[in-house]
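S.K.: dropping the sequence and predicted coords here.
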Amino acid sequence: MSFLKRLFSKQEKQTLDEGLEKSKSHVFSKLAKVFTGRRVVDEALMDELEEAFITADVGVETTMRLLSRLRKRARFEAYMEMQDLYGMMREEMAALFHEDNRAPEGYSIPKSDQPHVILVVGVNGVGKTTSIGKLAHRYKSQGHEVILGAADTFRAAAIDQLKVWAERVGVPVVAQNMGADPASVAFDTLQSAVARKADVAIIDTAGRLHNKRGLMEELAKVRRVMDKVVPGAPHEVWLVLDGSTGQNAVEQAKQFLATTDVTGLIVTKLDGTAKGGVVLAISLQFNIPVRYIGVGEQLDNLQDFHLDEFLDSLLPERLEDGLDAAEGSAE
């Protein structure tokens, strides 16, 4: 079995490869110690693989499930070319996620007579507002009418930043003053979206977790007022996580999932980190699809998350290619 090849443009794949270069080198710096000079498949090798993946931010759950599959398939105490074992490992990792339905085909705005409403949550500093700007650019480029709502009224800077993104992308934004009721901003945004016959309304929210009860109550109120204007809104609640924080991103996800219903994840800042393996941990651990990943600063560097393409960039087909990249990074 080989990785499925999707309709991914050459430019998108190149951007993904470049964005994950540090993560690929990091993963292979761990794997190099396992595969170099080895020939016998035994428990010692499996233990070293376990340590390599966990320390490469792939996560404990992902690692244990992968090795369980690998143990069932590999012939223990047998001589095997390491490229063969490596290829087997790649195949089992892809199969693990596909069978667990963690391989979304990319997100499309559904056709509707009402605006499609996306609520965006996440702590400050994870790239939440930037992601909203890139989402607006993406959907506008696809021919959709987009409107933004600045419901993160906890910080004046958040409102100003969203206004800058709205101007840059060329979409309207609904905003009030700092300290305004976020639910009021959300209400006004959806009323404007309906009046303008917008296809998509993307609403920013306050990025804080120090008061879980307050956050939960605030989001619940925002949901209630949205539903009054557009029945069923919000249709999506997307949590933005900073991939460069590694396992801290997993902990943030746990905290937000305890306070609100999240339907999708956006993992940012993967181009500047060696911790890209955390996307696999997040993807498998939570029963929520990763919708987008951030692999650069440009407007179009927020990409659909395609598991096969991600794995192909993180784990090259030939073991030697990954080992060479790891050695080059170490020099």
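M.R.: The structure has been received and is ready for your questions.
S.K.: could you pull out the helices for the stretch 201-331 of the chain?
M.R.: Assigned by DSSP state H, counting those that start in this stretch, the helices in the stretch 201-331 of the chain fall at 212-229, 247-257, 278-285, 307-314, 319-330.
S.K.: so what does the third one touch, helix or strand wise?
M.R.: In this case it means helix 278-285. For helix 278-285, the contact count by 3 or more Cβ pairs under 8 Å, 6 or more residues apart in numbering; DSSP states H and E identifies helix 60-73, helix 82-99, helix 247-257, strand 264-268, strand 290-294 as packing neighbours. (Glycine included, C-beta is placed from N, CA and C.)
S.K.: please apply the same query to the second one.
M.R.: Helices and strands in packing contact with helix 247-257 are listed as strand 236-242, helix 278-285; criterion 3+ Cβ pairs under 8 Å, 6+ apart.
S.K.: which one of these has the lowest average pLDDT?
M.R.: Ranked by mean pLDDT, the helices and strands packed on helix 247-257 bottom out at helix 278-285, which scores a mean of 85.
S.K.: just for the chain, where's the confidence low?
M.R.: The chain contains residues with pLDDT under 70 at 1-8, 77, 100-105, 208-213, 322-331.
S.K.: and for the residue nearest to Asn248 when sequence neighbours are not counted, the neighbour number?
M.R.: Beyond its immediate neighbours in the sequence, the residue positioned closest to Asn248 (Cβ to Cβ, 6 or more residues apart in numbering) is Asp242, lying 7.9 Å away. When neighbours are counted by other Cβ atoms under 10 Å, Asp242 registers 23.
S.K.: tell me where the stretch 1-150 of the chain has strands.
M.R.: Listed in chain order, the strands of the stretch 1-150 of the chain (DSSP state E, counting those that start in this stretch) span residues 40-41, 78-79, 116-121, 146-151.
S.K.: in TSV: those, plus mean neighbour count and distance to Gly272.
M.R.: TSV is the format used below for the strands of the stretch 1-150 of the chain (neighbours: other Cβ atoms under 10 Å; distance: least, Cβ to Cβ, whole Å):
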stretch	mean neighbour count	distance to Gly272
strand 40-41	16	36
strand 78-79	9	41
strand 116-121	25	21
strand 146-151	29	25
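S.K.: possible to save the ones you listed as CSV with distance to Ser131?
M.R.: Formatted as CSV, the strands of the stretch 1-150 of the chain follow (distance: least, Cβ to Cβ, whole Å):
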stretch, distance to Ser131
strand 40-41, 42
strand 78-79, 47
strand 116-121, 7
strand 146-151, 12
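S.K.: ok, which of those comes nearest Tyr86?
M.R.: Within the strands of the stretch 1-150 of the chain, the stretch nearest Tyr86 is strand 40-41; the backing value is 11.5 Å (Cβ to Cβ).
S.K.: listing partners with orientation, what would you give for the closest one?
M.R.: According to DSSP bridges, strand 40-41 has the following sheet partners: strand 78-79 (antiparallel).
S.K.: ends of stretch 13-24, how far apart?
M.R.: One end of stretch 13-24 sits 14 Å from the other (Cα to Cα, to the nearest Å).
S.K.: now do the buried residues in it.
M.R.: Of all the residues in stretch 13-24, those buried under the rule 16 or more other Cβ atoms under 10 Å are Lys13, Thr15, Leu16, Asp17, Gly19, Leu20, Glu21, Lys22, Ser23, Lys24.
S.K.: cool, and stretch 130-147?
M.R.: When neighbours are counted by 16+ other Cβ under 10 Å, the buried residues of stretch 130-147 are found to be 130-140, 144-147.
S.K.: would you check which pair of those residues lies furthest apart?
M.R.: The two members of these with the most space between them (Cβ to Cβ) are Thr130 and Glu145, at 21.4 Å.
S.K.: what's the domain layout of this protein?
M.R.: Taking automatic domain parsing as the domain assignment, the ranges for the chain are 10-104+312-330, 116-305.
S.K.: can you tell me which of these is packed in deepest?
M.R.: For the domains of the chain, ranked by mean neighbour count under the definition mean count of other Cβ atoms under 10 Å, the leader is domain 116-305 at a mean of 20.
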